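**Q** Here's my sequence, what's the structure:
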Amino acid sequence: MDLHFGDSKPTDEERAAVDALLGPPESSWEGADRTGADLRWARGGRAARDRRDLLLPGLHALNDRVGWISEGGLDYLCRRLTVPPAEAYGVVTFYSMFSVRPRPATVVHVCTDLACTAAGAPGLCDGIESRLGPGSGVSVERSPCLGLCERAPAALAIRAGDPVRTAVSAPTTVEGAVLAAGAPDSAPQEPAAATAVPQVGDPSLLLLRRVGVVDPSSLDDYRAHGGFQALRRAFELGPAGVIREVTDSGLLGRGGAAFPTGRKWQATASQPDHPHHLVCNADESEPGTFKDRVLMEGDPYALVEAMTIAGYAIGAHRGHLYLRGEYPRALRRLEHALAQARARGLLGDDVLGQGYAFDIEIRRGAGAYICGEETALFNSIEGYRGEPRSKPPFPVEKGLFGGPTVENNVETLVNVLPILTMGASAYAAIGTEQSTGPKLFCVSGSVERPGVYELPFGATLGELLALAGARERLRAVLLGGAAGGFVRPDELDIPLTFEGTRQAGTTLGSGVVMVFDDTVPLPRLLLRIAQFFREESCGQCVPCRVGTVRQQEALQRIVERTGVDAADDIALLREIGRAMRDASICGLGQTAWNAVESAIDRLGAYA
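**A** Here you go, the predicted model:
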């Protein structure tokens, strides 16, 4: 292992940030004062290497304290963890929320993704940049989706320090973003999560029934509304009984792949290798997706309970919650919920006095869409670049830290609670035969009531848009987000099920429903989708690394040559799309052409 360090030294602030996470260094090998030290031997080399997974938290510690990561700060962190600086540099530059170049302590991330672009984000960015120009002490950065699509356009201000301060402004204006940047603590309070749930208080809800009804900070209030009944039921059934109930319910993963959850749990539980791992994927970075944020902000204890049940079922004793770095309020809510659960015996060495040990740790992402892919997420947690792994082996055999691993997203896990409280057969009676239970849909764009909606599988797209109040002059609906596909206004009878959308030639994905009227310039929207995939490609495989660039270039030519025959570029786009779909390692490259293809074929874009 080549541990070549430079001559740069950490500042006192950088040293304090790292030491607050890792504790003081034990030897000069780790960067302690060399005065009077015995330099003939080093302690902790192997133990330090075993802490490689603390690299991402260490980068967050530096970035949170100073606002960027200097060579000296990075070298000091690498000494503490025995990580080659060259490898750590590859990791830190992988994430959009980090910077290795000096920048002001305050950064304003302004979303320029689909919903926000349709709501005027490009012009808003220009206005914010002109107000917060050079010398203001604020850096303005155009950002991918911030997960605030129901309140587009959105901005997130982060001020480094001890502690780091954040402020969300959504829907934002130039004045709102400037206020959030200048005084994060004095910015208007972010509205309650319940404002994103137009159905709040509806007694028929299963997944959203507590959002807006229960105080998200109160464990007692959660228990008074049925909290931890499902966990008690799980202990009555035993691990095999829990897996049987989940299997019989027909629960399919809600992240887009729609893999049977019970089969995944059973495959992991049956592996002889230990330890087993549970990973909750809360890094919903698909443009247009915000349902997991609403669940975590409005009902955090439900996720704690659901993860405990999943861990019990598969034989895991630690859960890893990988949370989007752009979700500061969800982070605060979950940290509080975990602390309360530990204090009350609902996490720890003896959960509910049942002799089962389980705890949850939060790992913050740092702005990388690709980390929504499960194996890329594992690499990120382990302290490596978030690049997908080749399969097989599959995660149920060798996943996080090389052990059998279950990975589910927030919505999938929260579905386990009604399965256990109402029974598998009652749950399976909801929805359709192949798509059982309720589904959450993230509706944004040209609607009167954007937000998260809960409907049983089988409801039609038209019924959902009627609830949300779709505006007149509907142009198109994007299902599944940037990796999904467009449908026409005359296709609103599509059933919202996995099988129904497949038969219609589109995809349900994670539940994104983005509505656009005829005021939205569709060609520039497609160009933004292409730009998103180009920026978010990890670059590991050639079809995706090169294909996403060529796709954006072709769309750029089409947009700039308005009124000129685009047949050659469309033919090129089809060839590029087929190559990415057939040869890319992971789903990012395989789906990067989907939305563009559907816009050309279904909407007649560029015709």
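**Q** Tell me the bridge partners for L478.
**A** F486, M514 (DSSP bridges).
**Q** residues contacting it?
**A** L478 makes contacts with L114, G288, G484, G485, F486, V512, V513, M514, V515, F516, A595, as judged by CB atoms under 8 Å, 6 or more residues apart in numbering. C-betas here are computed from N, CA, C, even on glycine.
**Q** Ok, I576 next?
**A** I576 sits next to G547, R550, Q551, A554, W593 when contact means CB under 8 Å, 6+ apart.
**Q** and with 10 Å instead?
**A** P543, V546, G547, T548, V549, R550, Q551, E553, A554, A592, W593, V596 (CB atoms under 10 Å, 6 or more residues apart in numbering).
**Q** close enough to count as contact, the first one and E575?
**A** What it means is P543. No - taking contacts as CB atoms under 10 Å, P543 lies outside contact range of E575: 11.6 Å.
**Q** Between the two, point out the one with more neighbours.
**A** Shown here are P543 and E575; by other CB atoms under 10 Å, P543 has more neighbours (20 against 13).
**Q** hang on, L179 is in a helix, isn't it?
**A** Yes - assigned with DSSP: H, G, I helix; E, B strand; the rest coil, L179 falls within a helix.
**Q** If I look at it, what pLDDT would I see?
**A** According to the prediction, L179 has pLDDT 93.
**Q** before we move on, what about the one 5 residues further on?
**A** At P184 the predicted local confidence, pLDDT, stands at 86.
**Q** just the helices in the stretch 451-600 of the chain please.
**A** With DSSP state H, counting those that start in this stretch applied, the stretch 451-600 of the chain shows helices at 461-468, 498-503, 522-536, 542-560, 567-583, 587-591, 594-602, listed in chain order.
**Q** okay, those in JSON lines with mean pLDDT and distance to A167 next?
**A** Formatted as JSON lines, the helices of the stretch 451-600 of the chain follow (pLDDT from 0 to 100; distance: least, CB to CB, whole Å):
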{"stretch": "helix 461-468", "mean pLDDT": "96", "distance to A167": "28"}
{"stretch": "helix 498-503", "mean pLDDT": "94", "distance to A167": "38"}
{"stretch": "helix 522-536", "mean pLDDT": "94", "distance to A167": "25"}
{"stretch": "helix 542-560", "mean pLDDT": "94", "distance to A167": "32"}
{"stretch": "helix 567-583", "mean pLDDT": "95", "distance to A167": "38"}
{"stretch": "helix 587-591", "mean pLDDT": "94", "distance to A167": "31"}
{"stretch": "helix 594-602", "mean pLDDT": "94", "distance to A167": "32"}
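**Q** Make a markdown table from those helices and add distance to S446 to it.
**A** Listed next are the helices of the stretch 451-600 of the chain as a markdown table, based on distance: least, CB to CB, whole Å:
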| stretch | distance to S446 |
| --- | --- |
| helix 461-468 | 10 |
| helix 498-503 | 21 |
| helix 522-536 | 12 |
| helix 542-560 | 21 |
| helix 567-583 | 26 |
| helix 587-591 | 24 |
| helix 594-602 | 16 |
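**Q** right, so of those, which gets closest to S143?
**A** Ranking those by proximity to S143 (CB to CB) places helix 522-536 first, at 10.5 Å.
**Q** quick one: that closest one to helix 542-560, angle?
**A** Helix 522-536 runs at 150 degrees relative to helix 542-560, counting by axes from the mean of the first three to the mean of the last three CA atoms, to 10 degrees.
**Q** quick check: angle from helix 522-536 to helix 567-583?
**A** Put simply, helix 522-536 runs at 40 degrees to helix 567-583, going by the same axes, to 10 degrees.
**Q** tell me the angle of helix 522-536 relative to helix 594-602?
**A** Per the same axes, to 10 degrees, the angle that helix 522-536 makes with helix 594-602 is 160 degrees.
**Q** in helix 522-536, what counts as buried?
**A** 522-523, 525-534, 536 (16 or more other CB atoms under 10 Å).
**Q** Kindly report the same for stretch 86-103.
**A** Within stretch 86-103, the residues that count as buried by 16+ other CB under 10 Å are E87, A88, Y89, V91, V92, F94, Y95, S96, M97, F98, S99.
**Q** Redo the buried residues of helix 522-536 as JSON lines? Include distance to L417.
**A** Converted to JSON lines, the buried residues of helix 522-536 look like this (distance: CB to CB, whole Å):
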{"residue": "L522", "distance to L417": "40"}
{"residue": "P523", "distance to L417": "44"}
{"residue": "L525", "distance to L417": "37"}
{"residue": "L526", "distance to L417": "39"}
{"residue": "L527", "distance to L417": "42"}
{"residue": "R528", "distance to L417": "37"}
{"residue": "I529", "distance to L417": "35"}
{"residue": "A530", "distance to L417": "39"}
{"residue": "Q531", "distance to L417": "39"}
{"residue": "F532", "distance to L417": "33"}
{"residue": "F533", "distance to L417": "35"}
{"residue": "R534", "distance to L417": "39"}
{"residue": "E536", "distance to L417": "32"}
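**Q** Pick out whichever of those sits closest to R232.
**A** E536 (41.7 Å).
**Q** residues contacting the closest one?
**A** Contact partners of E536, counting by CB under 10 Å, 6+ apart, are 96, 144, 285, 367-372, 482, 544, 548, 588, 592.
**Q** and the gap between it and C145?
**A** To C145, E536 is 10 Å away according to CB to CB, to the nearest Å.
**Q** Give me the common contacts of the two.
**A** Common neighbours of E536 and C145, using CB under 10 Å, 6+ apart, are S285, Y369, A482.
**Q** Mark which of these are buried, thanks.
**A** S285, Y369, A482.
**Q** Let's have those residues in TSV, adding distance to G255 and pLDDT.
**A** Shown next, in TSV, are these (distance: CB to CB, whole Å; pLDDT from 0 to 100):
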residue	distance to G255	pLDDT
S285	11	91
Y369	13	95
A482	15	92
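**Q** and of those residues, the nearest to V452?
**A** Once CB to CB is applied, the member of the buried ones among the shared contacts of E536 and C145 that ends up nearest V452 is S285, at 16.6 Å.
**Q** can you pull the buried residues of stretch 344-363?
**A** For stretch 344-363, the buried set under the neighbour-count rule, 16+ other CB under 10 Å, comprises L346, L347, V351, L352, Y356, F358, D359, I360, I362, R363.
**Q** tell me which of those is nearest to A32?
**A** R363 (27.3 Å).
**Q** give the contact list for the closest one.
**A** 53-54, 56-57, 60, 279-280, 282-283, 320-323, 325, 377, 380-381.
**Q** part of a strand, is it?
**A** Yes - if the criterion is three-state DSSP, then R363 is within a strand.
**Q** so it bridges to which residues?
**A** Listed beta-bridge partners, R363: Y322 (assigned using DSSP bridges).
**Q** so how far is D601 from it?
**A** R363 sits at a distance of 40 Å from D601 (criterion: CB to CB).
**Q** got it, and H317?
**A** Taken as CB to CB, the span from H317 to D601 is 49 Å.
**Q** can you check D185 too?
**A** Remark: distance between D185 and D601 (CB to CB) = 50 Å.
**Q** in the stretch 201-350 of the chain, which ranges drop under the pLDDT threshold?
**A** Residues of the stretch 201-350 of the chain meeting the criterion pLDDT under 70: none.
**Q** Going along the chain, name the strands of it.
**A** Here the stretch 201-350 of the chain has its strands, by DSSP state E, counting those that start in this stretch, at 276-282, 316-323.
**Q** tell me the most buried of those strands?
**A** Mean neighbours per residue, mean count of other CB atoms under 10 Å, is largest over those for strand 276-282, with a mean of 26.
**Q** I'd like to know which of the buried residues of helix 522-536 is nearest to A339.
**A** E536 (33.5 Å).
**Q** Show me the one of the strands of the stretch 201-350 of the chain that comes nearest A337.
**A** strand 316-323 (10.5 Å).
**Q** which secondary structure elements does the closest one contact?
**A** If you count contacts as 3 or more CB pairs under 10 Å, 6 or more residues apart in numbering; DSSP states H and E, strand 316-323 packs onto strand 276-282, helix 291-298, helix 300-314, helix 328-343, strand 359-364, helix 374-382, strand 405-409, helix 410-414.
**Q** If we use 8 Å, what do you get?
**A** The helices and strands touching strand 316-323, judged by 3 or more CB pairs under 8 Å, 6 or more residues apart in numbering; DSSP states H and E, are strand 276-282, helix 300-314, helix 328-343, strand 359-364, helix 374-382.
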